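Novice: sequence and predicted structure are below.
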Amino acid sequence: MSVSEALDMSVRVGGLVMRNPVGVASGAFGYGEEYESLVDIDALGALYTKAVTPEPRAGNPAPRLADTPAGMLNSIGLANPGLDSFVADKLPGLRARRCAVIVNVAGKTEGDYIRVVERLEAEDGIAGYEINVSCPNVAHGGLAFGTDPAQVERLVRAIRGAQGARSPRRPVIVKLTPNVADIASIAKAAEAGGADAVSCINTLVGMVIDVKARRTVLAMRTGGLSGPAVRPVGVACVYKASRAVSIPVIGLGGISDADDALQYLLAGAVAVQVGTALFARPETPSEILAGVRAFMEKEGVARVGDIRKMLA
Ligand SMILES: Cc1cc2nc3c(=O)[nH]c(=O)nc-3n(C[C@H](O)[C@H](O)[C@H](O)COP(=O)(O)O)c2cc1C
């Protein structure tokens, strides 16, 4: 066996074992269909789906995208075909995947989240749930949940209660927003509610103005900032969250190459997700995995989970 084959790249989140730490982030990969010819989806550690809400959502009015230095601003507004169509049209394809399929769940009310999870509990082919309490682009729900520790704890407890008798139960990952003063307190609230992991970060609230037209570029005026510009914010959030809780932290925000991913792993993340970088370079996740493996070989690290012990 070569040294490289001996590396343990596996990641444990609750009862789930992902075969490697590199996933694709919610909203940047749809349900995988568009990327089929571009990415070896089965080789990913995890695929986080676009948000699923109880009813179909058309999303926000256009323009919904704006360029920014080293990033982009979006106000998609959780556009998705809704729960019934997800189960009927998207889940069959996802079920055939060999990577962990994590469904990103969103809603306007606590009841919305419960409805989605309860229904999906009856379906096979889902490895876990990522609870989006951090979308800045919706009028109700989203950020309103994710900035209040008491609400986060209550929501996670309710979602736990909605899970069936499946054993092992599917992990609940709570996706946190960086738009707060103290991300550690929100991570602790998720843990107290029974979350198996937290992921951070979702996008940062931003605005771009077209000076000539004296208008905001986005029809919704504000949007969520993503891409390399947000990476230092994400790395700091992972560092703070991972020191506040004993559940695993999954890192994302502006990851474009292996060094970016290693920053997150050194900061305390057990795994990473690639979002905006996929739009320009769909091969990014496989390059990151190869780069992380090369780092481990060079540094003599046998288990990817040990990287987070290496920060001086
Ligand atoms: C176009 C777009 C759509 C997104 N949709 C979702 C979503 O449905 N649910 C969610 O939790 N995050 C969503 N996100 C946030 C990303 O998953 C990620 O948290 C954020 O973009 C930071 O990572 P990145 O800089 O690698 O893109 C979306 C991001 C973008 C750019």
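Specialist: Yes, it's here.
Novice: count of neighbours near the residue in the stretch 151-300 of the chain that the ligand sits nearest to?
Specialist: Going by Cβ to the nearest ligand atom, the ligand is nearest to Gly275 of the stretch 151-300 of the chain, at 2.5 Å. For glycine as for every other residue, the C-beta is placed from the backbone atoms N, C-alpha and C. Neighbour count of Gly275, defined by other Cβ atoms under 10 Å: 26.
Novice: try Arg303
Specialist: For Arg303, using other Cβ under 10 Å, the count is 13.
Novice: just give the closest residue to the one residue in the chain that gets nearest to the ligand, not the sequence neighbours.
Specialist: Nearest residue of the chain to the ligand: Gly27, at 2.0 Å (Cβ to the nearest ligand atom). Computed as Cβ to Cβ, 6 or more residues apart in numbering, the closest residue to Gly27 that is not its neighbour in sequence is Lys50, at 5.4 Å.
Novice: ok, now Ala195?
Specialist: Using Cβ to Cβ, 6+ apart, the closest residue to Ala195 is Val174 (4.6 Å).
Novice: and if you look at Asp8?
Specialist: Arg303 (4.4 Å).
Novice: wait, what's in contact with Gly253?
Specialist: Pro178, Cys200, Ile201, Ser226, Val230, Arg231, Val233, Gly234, Val235, Cys237, Gly275 (Cβ atoms under 8 Å, 6 or more residues apart in numbering).
Novice: how close does it sit to Phe279?
Specialist: 15 Å (Cβ to Cβ, to the nearest Å).
Novice: just Leu176 next, same as before
Specialist: Counting by Cβ to Cβ, the gap from Leu176 to Phe279 is 23 Å.
Novice: which one's more surrounded, the two?
Specialist: Just comparing Leu176 and Phe279: by other Cβ under 10 Å the higher neighbour count belongs to Leu176, 28 against 14.
Novice: thought the more buried one was touching Cys237?
Specialist: Yes - using Cβ atoms under 8 Å, Leu176 is in contact with Cys237, at 7.1 Å.
Novice: give the residues shared as contacts by these two.
Specialist: Here Leu176 and Cys237 share the contacting residues Ile183, Cys200, Ile201, scored by Cβ under 8 Å, 6+ apart.
Novice: ok, and the closest non-adjacent residue to the first one?
Specialist: For Ile183, the nearest residue in space outside its immediate sequence neighbours is Cys237; the separation is 4.8 Å by Cβ to Cβ, 6+ apart.
Novice: give me the contacts around the helix or strand containing the one you found.
Specialist: Using DSSP states H and E, Cys237 falls within helix 231-244. Around helix 231-244, the neighbours that count as contacts under Cβ under 8 Å, 6+ apart are 176, 178, 183-185, 187-188, 198, 200-201, 204, 249, 251-255, 260, 263-264, 267-269, 308.
Novice: mind listing what's buried in it?
Specialist: If you call a residue buried by 16 or more other Cβ atoms under 10 Å, then helix 231-244 has these buried ones: Arg231, Val233, Gly234, Val235, Ala236, Cys237, Val238, Tyr239, Lys240, Ala241, Ser242, Ala244.
Novice: what's the mean pLDDT across the helix or strand that it is followed by?
Specialist: Next along the chain after helix 231-244, taking DSSP H and E as the criterion, comes strand 249-252. Average pLDDT, strand 249-252: 98.
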